[in-house]
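*Asks:* build me a structure from this.
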Amino acid sequence: MPKISFKIWEEVAEFHNPIKNGELDRQKIEVRLDPLTEHQSILNDALKGKVSALFPETDYAYLHQRIDDTKEQCFMCDGKWRKFSPRYPESLIPEGRLTRGEIVLFPNLFPLAPYHAVVMVGQKHGRILDDFSSSLLFDAFSVSLEFIRRCFESDSDAPFFTINANFMPPAGSSIMHPHFQIIGSPFPMTHHRLLLERSLAYHRDTGSCYWLDLVETERESAQRWLGEIASSQWFTAFSPIGSNEVNAVWPHTSHFLEWGDEDIQTMAEGVRRVLLTYHNLKFSTFNFSCFSGPLGKAAPEFRCFLRMINRQNMHLHYRADDFYLQKLLKNEIVVYPPEHLASLIRKTAAGPGGWAAAGR
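*Replies:* Have a look, this model is predicted:
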């Protein structure tokens with residue numbers, strides 16, 4: 001097994017700092033390079049003093065006010081989805097929508113791909129991050145996988161799917177009611193394509209699967225390792241593409257059609273634990289994307305992979321956390337070093353139902 005190499009280099013910025021009475025300040029800047037994509041993340045310890053400005057704490061009074069103010073107009077609440085949500089044609093979904101327990105899947109009114117579904121996650125209009133049970137998430141991901149299966153059975157020319165989430169307006173959500181989104185297309189989205197192409201190149205160069213090598217390297221290092229949930233492996237990202245990024249890999253599945261109930265349960269439980277940790281760290285928003293290899297195709301170079309991040313917290317005058325550095329230069333600022341984040345997650349979610357030390 002080739003060992004993954006984690007590249008770090010340091011730079012220094014010098015200036016006379018008025019906060020330190022004009023003394024010459026030398027600040028160390030650490031730059032990390034993702035082993036697969038070469039994405040750069042930047043750490044500066046001095047930024048810890050700006051946490052309250054960069055990520056003000058959640059204003060729960062404001063959050064609950066927004067929940068209350070938007071409930072009456074919500075087309076998902078109180079069964080209104082039956083009248084106001086769109087339906088799929090019978091040729092794809094004979095029922096028009098997919099339902100399971102409190103979960104409802106229907107078409108996005110403004111699709112960004114041939115197969116773009118919305119998954120209503122529960123009847124409750126507003127939730128905070130410690131209010132997502134494993135059973136609720138299991139049903140949501142089960143419906144998502146059923147939709148993906150039906151789409152591919154109907155159209156095998158659309159093999160590229162991701163399962164995604166925007167939670168709360170700072171994370172890009174246009175509605176407060178919790179929901180996920182599924183994107184399916186003949187062509188992978190830009191980052192999805194990059195992961196697939198780089199994974200294939202790594203496999204050709206080494207004869208090995210990058211994702212299996214990454215899991216083993218992270219497990220052996222233990223610095224960012226969180227643990228195992230059945231067959232899924234969880235750790236923090238070495239070079240995050242977003243704030244407080246947590247990753248998961250499913251070593252035995254290269255695409256979503258290979259998932260069974262155990263795989264769905266591990267994703268549900270893992271996401272629940274990450275959300276609980278984010279909540280305990282006083283965060284209130286998140287995004288995630290779960291990536292699959294091309295459906296119906298053997299892909300020894302790829303494994304199903306989850307990226308999960310938090311975004312700016314809910315408060316009245318929240319600022320954008322995605323500016324020129326991220327949007328145009330494609331770098332990311334890291335406030336919590338991934339190794340520190342991993343220790344916080346292990347500590348915060350210790351005990352029954354928390355992160356086990358399995359595999360460390």
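
*Asks:* going forward, measure contacts and count neighbours with C-alpha atoms only.
*Replies:* Will do.

*Asks:* the lowest-mean-pLDDT helix or strand in the chain: what's the following helix or strand?
*Replies:* In the chain, the helix or strand scored least confidently by mean pLDDT, DSSP states H and E is helix 51-54, which has a mean of 74. The helix or strand immediately downstream of helix 51-54 is helix 60-71, counting by DSSP states H and E.

*Asks:* next, the buried residues of that next one.
*Replies:* Neighbour-count burial for helix 60-71 flags Leu63, Arg66, Ile67, Lys71 (criterion: 16 or more other C-alpha atoms under 10 Å).

*Asks:* Lys124 is in contact with His177, correct?
*Replies:* Yes - His177 lies in contact with Lys124 (C-alpha atoms under 8 Å); the separation is 7.3 Å.

*Asks:* out of the two, which sits in the busier spot?
*Replies:* Neighbours per residue (other C-alpha atoms under 10 Å) separate His177 from Lys124, with His177 holding more: 23 against 14.

*Asks:* ok, that one to Ser144 distance?
*Replies:* Separation of His177 from Ser144 (C-alpha to C-alpha, to the nearest Å): 17 Å.

*Asks:* how about Arg66?
*Replies:* Relative to Ser144, and taking C-alpha to C-alpha, Arg66 is found at 28 Å.

*Asks:* again with Ile103
*Replies:* Using C-alpha to C-alpha, one obtains 10 Å as the distance from Ile103 to Ser144.

*Asks:* anything in contact with each of those two?
*Replies:* Overlap of the contact sets of Ile103 and Ser144 (by C-alpha atoms under 8 Å, 6 or more residues apart in numbering) consists of Val119.

*Asks:* can you give me the strands for this structure?
*Replies:* Taking DSSP state E to define them, one finds strands in the chain at 7-17, 23-33, 40-43, 98-100, 103-107, 115-121, 160-167, 179-185, 225-229, 232-236, 243-250, 286-291, 304-310, 331-334.

*Asks:* re the thing from before, tell me which of Ile103 and Ser144 has more neighbours.
*Replies:* Neighbour comparison, Ile103 and Ser144: the larger count goes to Ser144, with 25 against 22 (by other C-alpha under 10 Å).

*Asks:* identify the residues contacting that one.
*Replies:* Counting by C-alpha under 8 Å, 6+ apart, Ser144 has contacts Leu105, Val119, Ile163, Ile182.

*Asks:* from these, pick the one nearest Leu112.
*Replies:* Ile182 (10.2 Å; C-alpha to C-alpha).

*Asks:* ok, that closest one touching Phe160?
*Replies:* No - counting by C-alpha under 8 Å, Ile182 sits too far from Phe160 to count as a contact (10.5 Å).
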